[in-house]
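Participant: Sequence plus the predicted model coming up.
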Amino acid sequence: MWQHVLTIFIASALINNFVFSRYLGLCIFFGVTKRMETAVGMSFTFTAVMLIQAVLNWIIYTYVMVPYHLGFLKIVIFIGTVAAFVQAADTIMKKVAPALYYKLGIYLALIVTNCVILAVPLLNADENYGLFESMALALGSGLGFSLALIIMASIREKLELADVPKSFQGLPISFVLTGLIALAFLGFSGMITL
Amino acid sequence: MSNNVSLGTLFKNGIFGENPVFRLALSLCPAVAVTSGVKNGFLMGVAVLFVMTMTNVTVSLLRNFINPKVRIPSYVFITATWVTVIDLVMSAYQRTVYKEMGLYIMLIVAFAIILSRAEMFASKNKLLPSFVDGVGMGLGFLLALMLLGVFREFLGKGSFWGVQILPVKPLLIMIMPTGGFFAMGLMMGWLNWIDRKFFGGTGASSGGH
């Protein structure tokens, strides 16, 4: 069983990387990677929220939605959980840890309607994963996403100095760049078969 | 935007002026994810068109009843409801396509473009303009997806809508994840070039969310 959990962890971090092979979270990916500092802050916040969300939604899915046959409501329920959690985290952090709130609070606001966060519970529900498998998927995806953000941020800092054709400045060149990184990540596929 | 703007202008605005994918650079994830074939792109576009229009209509109808303090969560739940509807319809009638892109259909709920249109337009306008705005924006999205789909399927598989046109597969890489990003980048750069060369514009916004 532990081997399966480890497999899910590695597969979700490298092979099924959220950005490079599942194309999720592109808005955030292109939005926050202009500076390294914001990319790192975002990575921390996202990984933490994804892990907590995976556990919370697993509990709700297994003990409420499955027994009462509410599977068809999963989109509404999951997004409700995410929104409620983010609001709660926002309020609690402001009171308990103002320093942390000052640093990471702005990223929390962006999380409510983000496909990365929502994708984790949806994938878990689709695959009928157990608690530890869900956590492995969340942690793996979170770390994979962080890896993508940090790689991109460090390249884009160099890109500032490059001489890019005018029509390609900004997003277009970033897309081409992402394509090249995705090509490199393609090398991981086949490493593990699920 | 005032109410004086004619409906035709509103409609065109969604397709050209503020095309969700190429101009506003919003909701990029599905634009790259499902466009490996024309058919997938088309179905995804239809799903978004439906959700977009219905959300705009619902928000517009309820705009006087929603307390401004809870408006964002209300919009999210309205969107989620319509996404559930299209999700169930797709899983019933398009089994094979749904298996490939079911996740992305569910994630329509997290589209920035839908929430931003509800917040910026539908919550301030009457039923008819909101409906037209929803259809225009949705069609703009659909066209962008089709354009990418045609480009990628033709280069990647040498076919159109599953029908083989070329005897070879010119650039297999175009239907892989890498190709999605390449196609998107090239298409955006090309449209920027056209815009600057022929219309004297400044190109699309450089940072999306």
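Facilitator: Perfect, thanks for sending it.
Participant: got a list of what the nearest residue in space to B:M90 that is not next to it in sequence touches?
Facilitator: Leaving aside its sequence neighbours, B:M90 sits nearest to B:Y98 (CB to CB, 6 or more residues apart in numbering or on different chains; 5.1 Å). Yep, even glycine has a C-beta here, placed from its N, CA and C like the rest. B:Y98 is in contact with B:90-91, B:105, counting by CB atoms under 8 Å, 6 or more residues apart in numbering or on different chains.
Participant: out of the residues you listed, which is most surrounded?
Facilitator: The most crowded member of these, judged by other CB atoms under 10 Å in any protein chain shown, is B:I105 (25 neighbours).
Participant: can you pull the pLDDT of that residue?
Facilitator: Per-residue confidence (pLDDT) for B:I105: 85.
Participant: I'd say it and B:G45 touch.
Facilitator: No - at 11.6 Å, B:I105 does not count as touching B:G45 under the criterion of CB atoms under 8 Å.
Participant: Now do the contacts for residue 85.
Facilitator: In the absence of a named chain, this looks at chain A. Going by CB under 8 Å, 6+ apart, the list of residues near A:F85 reads A:49, A:52-53, A:56.
Participant: nope, chain B
Facilitator: Contacts here follow CB under 8 Å, 6+ apart; on that basis B:V85 touches B:M54.
Participant: Check the spacing between it and chain A real quick.
Facilitator: 10 Å (CB to the nearest CB, to the nearest Å).
Participant: Which helix or which strand is home to that residue?
Facilitator: Taking DSSP states H and E as the definition, one finds B:V85 inside helix B:71-93.
Participant: Could you pull up the mean pLDDT of that helix?
Facilitator: Rounded mean pLDDT across helix B:71-93 is 88.
Participant: Alpha carbons of that helix, in CSV - could you do that?
Facilitator: Output in CSV follows, covering the C-alpha atoms of helix B:71-93 (Å, rounded to 0.1, in the frame of the first residue of the first chain):
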residue,chain,number,x,y,z
ARG,B,71,-22.2,38.6,-4.2
ILE,B,72,-19.0,36.8,-5.1
PRO,B,73,-19.9,33.5,-3.3
SER,B,74,-23.4,33.8,-4.8
TYR,B,75,-22.0,34.1,-8.3
VAL,B,76,-19.7,31.2,-7.7
PHE,B,77,-22.6,29.0,-6.6
ILE,B,78,-24.7,30.1,-9.6
THR,B,79,-21.9,29.1,-11.9
ALA,B,80,-21.4,25.8,-10.1
THR,B,81,-25.0,25.0,-10.6
TRP,B,82,-24.9,25.5,-14.3
VAL,B,83,-21.6,23.7,-14.6
THR,B,84,-23.2,20.7,-12.8
VAL,B,85,-26.0,20.8,-15.4
ILE,B,86,-23.7,20.7,-18.4
ASP,B,87,-21.4,18.2,-16.7
LEU,B,88,-24.3,15.7,-16.3
VAL,B,89,-25.5,16.4,-19.9
MET,B,90,-22.0,15.8,-21.3
SER,B,91,-21.4,12.7,-19.3
ALA,B,92,-24.7,11.3,-20.6
TYR,B,93,-24.5,12.1,-24.3
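Participant: Show the subsequent helix or strand relative to that helix.
Facilitator: Once helix B:71-93 ends, the next helix or strand along the chain (criterion: DSSP H and E) is helix B:95-106.
Participant: packing partners for the helix or strand just after that following helix?
Facilitator: Going down the chain from helix B:95-106, the next helix or strand is helix B:112-117, by DSSP H and E. The elements that helix B:112-117 packs onto, with contact taken as 3 or more CB pairs under 8 Å, 6 or more residues apart in numbering or on different chains; DSSP states H and E, are helix B:38-62, helix B:71-93, helix B:127-157.
Participant: on that earlier part again, so the helix holding B:V85 versus helix B:95-106, what angle?
Facilitator: Inter-element angle recorded for helix B:71-93 and helix B:95-106: 170 degrees (by axes from the mean of the first three to the mean of the last three CA atoms, to 10 degrees).
Participant: So which bits of helix B:71-93 are buried?
Facilitator: Judged by neighbour count (16 or more other CB atoms under 10 Å in any protein chain shown), helix B:71-93 contains these buried residues: B:71-76, B:78-84, B:86-87, B:90-91.
Participant: try stretch B:47-65
Facilitator: For stretch B:47-65, burial by neighbour count (16+ other CB under 10 Å) applies to B:47-60, B:63.
Participant: I'd like the average pLDDT over it.
Facilitator: Averaged across stretch B:47-65, pLDDT comes to 90.
Participant: quick one: is that stretch near chain A?
Facilitator: No - for stretch B:47-65, no contact with chain A is found by CB under 8 Å from any CB of the partner chain; the gap never falls below 11.2 Å.
Participant: Give me the contact list for that stretch.
Facilitator: Here stretch B:47-65 has contacts from B:27, B:30, B:66, B:74-75, B:78-79, B:82-83, B:85-86, B:90, B:105, B:108, B:111, B:113-114, B:117-118, B:121-127, B:130-131, B:133-135, B:137-139, B:141-142, using CB under 8 Å, 6+ apart.
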